[in-house]
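>>> pasted the sequence and its predicted model underneath.
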Amino acid sequence: MLNSDQTEIDLPPTHSESESVFSDCGGGRTGSVEDASGVGLCAQSRIAEPGEAVKKDLQHLSREERRRRRRATAKYRTAHATRERIRVEAFNMAFAELRKLLPTLPPDKKLSKIEILRLAICYISYLNHVLDV
C-alpha cells in the first residue's frame, strides 16, 4: 500500500540532458530513419507520450491493484471524505426531521438515533391502531 508521500504511480526515470533519448538505437545510423529536420530516429523506438508509459505500467496490474492505487491518492481521499461528510450531514438532517414529528415529553429531549427509530415504529403502530378503530 502507498503512503501519503507517494504519488499514484511511480514514473520511470527520465533521461538527463546529456543522455541521448535515442541511445538504445546502437549509437550509429544503422536501422534509423531521419525525420524532416535530419535528426536520426531509431525505427523501433519513438518518443512516447507521457501517459503511455504509465498505461503500460498499469496494464500488468490486476483490476483490484489498480483500484487500490487510485484510492491511495490524496486527491481521491479528499474527494471521498467530502462525499462522506455530505452523506452524513444529510443522514443527520433526516433524523432531525423525523425527531420533530415524534411526540415526546419533554419535547426537546435529546434522543439517540436508535431511540428515534424505535419511537417512530411505536408511533406508527399507534397511528395505525387509531385509524383501525
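That came in fine, so what should we check first? Numbering: from 1, shown residues only.
>>> in this protein, where is pLDDT below threshold?
1-58 (pLDDT under 70).
>>> run through the helices of it in chain order.
Ranges of helices in the chain, per DSSP state H, are 50-59, 63-71, 74-101, 113-132.
>>> among the ones you listed, which is nearest residue 107?
Residue 107 sits nearest to helix 74-101 of all the helices of the chain, at 9.2 Å, using C-beta to C-beta. C-beta coordinates here come from the backbone N, C-alpha and C atoms, glycine included.
>>> any chance of the helices of the chain in a markdown table, with mean neighbour count and distance to residue 107 too?
A markdown table is the format used below for these (neighbours: other C-beta atoms under 10 Å; distance: least, C-beta to C-beta, whole Å):
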| stretch | mean neighbour count | distance to residue 107 |
| --- | --- | --- |
| helix 50-59 | 11 | 58 |
| helix 63-71 | 12 | 45 |
| helix 74-101 | 11 | 9 |
| helix 113-132 | 11 | 13 |
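>>> how close does residue 109 sit to residue 100?
Distance of residue 109 to residue 100, computed by C-beta to C-beta, to the nearest Å: 12 Å.
>>> quick one: residues contacting the closest residue in space to residue 123 that isn't next to it in sequence.
Distance criterion C-beta to C-beta, 6 or more residues apart in numbering; nearest residue to residue 123, sequence neighbours excluded, is residue 102 at 5.6 Å. By C-beta atoms under 8 Å, 6 or more residues apart in numbering, the residues touching residue 102 are 116, 119-120, 123.
>>> will you turn those residues into CSV that also has distance to residue 74?
Formatted as CSV, these follow (distance: C-beta to C-beta, whole Å):
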residue, distance to residue 74
116, 36
119, 42
120, 40
123, 46
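>>> which of the residues you listed lies closest to residue 76?
residue 116 (33.6 Å).
>>> of the contacts of residue 102, which is the nearest to residue 93?
residue 116 (12.7 Å).
>>> need the contact list for the closest one.
By C-beta under 8 Å, 6+ apart, the neighbours of residue 116 are 95, 98-99, 102.
>>> export the residues you listed as CSV, with columns for distance to residue 66.
Output for those, formatted as CSV (distance: C-beta to C-beta, whole Å):
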residue, distance to residue 66
95, 37
98, 41
99, 43
102, 47
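>>> kind regards, and thank you for your time.
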